[in-house]
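Asks: Here is a sequence together with a model predicted from it:
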Amino acid sequence: MSTAPSLPSNPPNVMVVVSPNRGHEDRVAELIAEVSENVKAHEPWITYYRWYGGRGVGASDSSSDDDESGAVTEYYIVFRIEDSSKLSTRRELPHHQEIARLIRDEGLLREPLKYVTLEDREVWSR
């Protein structure tokens, strides 16, 4: 029986919502994995990094972008940045510039990346 990973001692404080265009989910996942390795190598002020693929749950109306087949419809990246001044300047780093160029040139996203600052409210674990 596998156990869930333990909660990080310093929880994530930023979330990025990534909304791929239909048919580009695998390419977007490939780029997220690539940027993850670059963040690990070049951004020591990020001390925790994790990403998820999200699938729509439940009924959706015809105007929704949710994929009823159960395919990934969104990606969520959460990370802990220790130096908040780096949040606005990190987009200028070469690996972020390259990912931004590929996203733009290949038309991969249905909407721009959405950055959200997270505030810890409550945490528990079983």
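Replies: Now that the structure is in, tell me what you want to look at. Residues are numbered from 1 along each chain as shown.
Asks: all strands of this structure, in order?
Replies: Taking DSSP state E as the test, the strands found in the chain are 14-18, 46-55, 72-81, 114-117.
Asks: Work out the sheet partners of the first one and label each with its direction, please.
Replies: Each strand paired with strand 14-18, and its direction, by DSSP bridges: strand 72-81 (antiparallel), strand 114-117 (antiparallel).
Asks: Quick one: distance of the shortest one to the chain centre.
Replies: In this case it means strand 114-117. 10 Å (CA atoms, centre = their mean, to the nearest Å).
Asks: what do you get for stretch 40-48?
Replies: Worked out by CA atoms, centre = their mean, stretch 40-48 lies 15 Å from the chain centre.
Asks: Grab the CA positions of that stretch and hand them over as CSV.
Replies: Taking Å, rounded to 0.1, in the frame of the first residue of the first chain, the C-alpha atoms of stretch 40-48 are listed here in CSV:
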residue,chain,number,x,y,z
LYS,A,40,15.0,23.1,-10.5
ALA,A,41,18.4,23.9,-12.1
HIS,A,42,18.3,27.7,-12.3
GLU,A,43,15.9,29.0,-9.7
PRO,A,44,17.2,28.1,-6.2
TRP,A,45,14.7,30.6,-4.6
ILE,A,46,11.9,28.1,-5.5
THR,A,47,12.0,25.5,-2.8
TYR,A,48,9.0,23.4,-3.7
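Asks: average model confidence for stretch 44-58?
Replies: Across stretch 44-58, the average pLDDT comes to 88.
Asks: Thought residue 90 was touching residue 100, still the case?
Replies: No: the pair residue 100 / residue 90 is not scored as a contact, 11.5 Å apart, by CB atoms under 8 Å. All C-beta spots, glycine's among them, are computed from the backbone N, C-alpha and C.
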